[in-house]
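# Structure here, sequence nowhere to be found:
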């Protein structure tokens, strides 16, 4: 395979060692094997220092190939309790200068620590650790900013020489990482001339930031340098990369890239771009709203709400961002300006904004911006936060919770049939109160949600408020939208009405699945979902942006041959890695369990009818629980059979 230079750093005592591995094809291949066979992190608590955070770039990062400069992160998740893979756009570009392929953070520092990694021209790696004793004060306010943004400015002001001399980038965590199990990893791209933030990106799902903070006491890693010795020359220049890819594809490289990424850049037919600009046009009345109740509503109401959403939520986005062409890249050389940036400098994407907008009965774009700004600053996963708040809002609406249970004076306007967009600001204020209380308050319900997740808290609330549960004939978990993982873990899904986001796959919460709007026989769905998962894993393993997937998937095998002289069956490699992930989840007791929430079963039922699967629609009408169990079991069995064939 390829030579992988990995820096193993014990932040407890600062000892570090660069090791070379030759048996791995990419960063996920490396990270999964380290966790499964070397560290055996499944044996320990998720916040044990042996739960390494393995961070690395892809083998094609060098500057010339568009999209090949993500930073991939492998860790055991506090939420799922199993292995998880996250990635950050553009953050691998600056990692090239370290001369490393990966960094494995191990051990636990006694105090909050900043890690500095510098690649030297002579091939050496210099590592230093700085203790940050005033972390809480910085989080609460620095240069009129809070959380990760305050910490970013603190590091830029105090370590600017290191940053600019090494063209460094950083990954950081916010207060949410110390106070919850769903803390994100944040990474800003820096304008070195203007000494300011260009754009932000996140590796937010399933608590990677919480592992950095609570297992290792690492608040930031600042990395860069001048060691480019191990980068093949063909990857360093655009002209040579252009010729290479054009010859593989038989098309102009630039043309192929722009055509295959227009959804994320700008689509002239739609007159918009990015996931926010496109998804509301693609999914229309099938966008999740009001805690996933869209498909339960009458067609006329869905159309009415969608019209209001487009007028109050979508049109202001286009007016402020698209019409002013406020587009930037993630921080790597790339013609696809996928980051749509507000006038305040805020990155606007579909999922954080839908989750903390229409999902909460908030159709006012400015109100949603304020909520997402707060979530991001504190360093939470915005997708999980939207699911949590949607659940709490509906618990308040249905009377399972009272406002005073959560430290509130009022409850949101959250009944779709009587909803008025005028109440968006009221709902936003309530959301902001809950987020702040969850972070800095003392409300036990909210603090437990932050720490343990919705699954455990819902079951505890069933007991605490058993009289309400009995009176309403409704359990707390029946309003929550999550996929149970093992006996304790969970994933809260991305905002798409597709069975693939709920199906029993070993890694959920990403796009490692089929997420088209179809409802198929479970055996057919399992086959297609696994196939898509393997392609997504293939991209993640080389830290390549999935927005480029249409052309990269065609070219990747030949790129390995021409750049490294290695003939790799990429699908077989992905199958092997995926099988290892599945084995890890088994050992960690973190494989998916059957759905516990009646809301999730209702969603599966409604999708079967919405997507014209008449046989399954009728099955669900006759016996919702039985039909759900049959579909789930047949999917799981088919997936296991396909994975067994993968391992042969």
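Here it is on my side, so go on. Note that the structure is a prediction, hence the values are computed from the model and not measured.
# Tell me which stretches of the stretch 1-150 of the chain form helices.
Shown for the stretch 1-150 of the chain, the helices assigned by DSSP state H, counting those that start in this stretch span residues 27-33, 135-140, 147-158.
# Can you add distance to residue 280 and mean neighbour count and give these back as TSV?
The C-beta positions use only the backbone N, C-alpha and C, and glycine is treated the same way. Output for those, formatted as TSV (distance: least, C-beta to C-beta, whole Å; neighbours: other C-beta atoms under 10 Å):
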stretch	distance to residue 280	mean neighbour count
helix 27-33	32	26
helix 135-140	34	17
helix 147-158	28	22
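# closest one to residue 365 among those?
Nearest to residue 365, of all the helices of the stretch 1-150 of the chain, is helix 147-158, at 20.9 Å by C-beta to C-beta.
# got a list of contacts for that closest one?
Where contact means C-beta atoms under 8 Å, 6 or more residues apart in numbering, the residues beyond helix 147-158 that reach it are 114, 135, 138-143, 145, 163, 170, 172-176, 186, 188, 190, 195, 197, 219-220, 222, 376-379.
# immediately after it, which helix or strand?
helix 160-165 (DSSP states H and E).
# In terms of secondary structure, what does that next one contact?
strand 218-225 (3 or more C-beta pairs under 8 Å, 6 or more residues apart in numbering; DSSP states H and E).
# mind checking how far the strand it packs on is from the chain centre?
20 Å (C-alpha atoms, centre = their mean, to the nearest Å).
# Also stretch 297-304?
30 Å.
# What's the mean pLDDT across it?
Across stretch 297-304, pLDDT averages out at 98.
# go on, stretch 362-378?
Taken as a whole, stretch 362-378 has a mean pLDDT of 98.
# thinking again about what came up before, could you flag which of the contacts of helix 147-158 are buried?
Buried residues within these, counting neighbours by 16 or more other C-beta atoms under 10 Å: 114, 135, 138-139, 142, 145, 163, 170, 172-176, 186, 188, 190, 219-220, 222, 376-379.
# Not counting sequence-adjacent ones, nearest residue to residue 390?
residue 291 (3.6 Å; C-beta to C-beta, 6 or more residues apart in numbering).
# As a check, name the ranges of all strands in the stretch 401-550 of the chain.
Counting by DSSP state E, counting those that start in this stretch, the stretch 401-550 of the chain has these strands, from start to end: 483-485, 489-491.
# Looking at those strands, which is nearest to residue 370?
Here strand 489-491 is closest among these (C-beta to C-beta), at 26.9 Å.
# And the contacts of that closest one?
Here strand 489-491 makes contact (C-beta under 8 Å, 6+ apart) with 77, 79-82, 206, 453-455, 482-485, 508-509, 590.
# Please apply the same query to stretch 126-143.
Under C-beta under 8 Å, 6+ apart, the answer for stretch 126-143 is 7, 9, 11, 14, 16, 109, 111-118, 120, 146-147, 150-151, 153-154, 157, 174-175, 219.
# before we move on, what about stretch 98-105?
Residues from elsewhere that reach stretch 98-105 (C-beta under 8 Å, 6+ apart): 4-9, 11, 18, 27, 30-31, 34, 52-57, 59, 115, 117-120, 123, 125, 212, 216, 218, 221, 223-225, 227-230.
# mind redoing it with 6 Å?
4-9, 27, 30, 52-56, 117, 119, 216, 218, 223, 225, 227 (C-beta atoms under 6 Å, 6 or more residues apart in numbering).
# Then stretch 371-383?
Outside stretch 371-383, the residues touching it (C-beta under 6 Å, 6+ apart) are 146-149, 173-177, 182-184, 204-205, 209, 346, 351-352, 355-356, 385, 428, 431, 435, 439.
# cool, and stretch 594-604?
Contacts of stretch 594-604 (C-beta under 6 Å, 6+ apart): 292, 477, 478, 479, 480, 481, 484, 624, 628, 632.
# Among the residues you listed, name the ones in helices.
Of these, the ones assigned to helices by DSSP state H are 624, 628, 632.
# quick one: which of the residues you listed is nearest residue 247?
residue 632 (46.4 Å).
# What residues does that closest one make contact with?
With C-beta under 6 Å, 6+ apart, residue 632 has these contacts: residue 594.
# switch the cut-off to 10 Å
499, 502, 503, 504, 522, 592, 593, 594, 595, 601, 604 (C-beta atoms under 10 Å, 6 or more residues apart in numbering).
# Mark which of the contacts of stretch 371-383 are buried, thanks.
Counted by 16+ other C-beta under 10 Å, these give 146-149, 173-177, 182-184, 204-205, 209, 346, 351-352, 355-356, 385, 428, 431, 435, 439 as buried.
# residue ranges with poor pLDDT in the stretch 501-648 of the chain?
646-648 (pLDDT under 70).
# ah, wrong one, I meant the stretch 151-300 of the chain
Counting by pLDDT under 70, the stretch 151-300 of the chain shows no low-confidence range.
# Okay, strands next: where are they in it?
169-172, 185-191, 196-203, 218-225.
# how about TSV for those strands, with distance to residue 282 added?
Output for those, formatted as TSV (distance: least, C-beta to C-beta, whole Å):
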stretch	distance to residue 282
strand 169-172	32
strand 185-191	28
strand 196-203	23
strand 218-225	36
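# Residue 641: which of these is closest?
Comparing the strands of the stretch 151-300 of the chain by C-beta to C-beta, strand 196-203 comes nearest, at 32.6 Å.
# so the closest one versus helix 147-158, what angle?
Relative orientation of strand 196-203 versus helix 147-158 (axes from the mean of the first three to the mean of the last three C-alpha atoms, to 10 degrees): 140 degrees.
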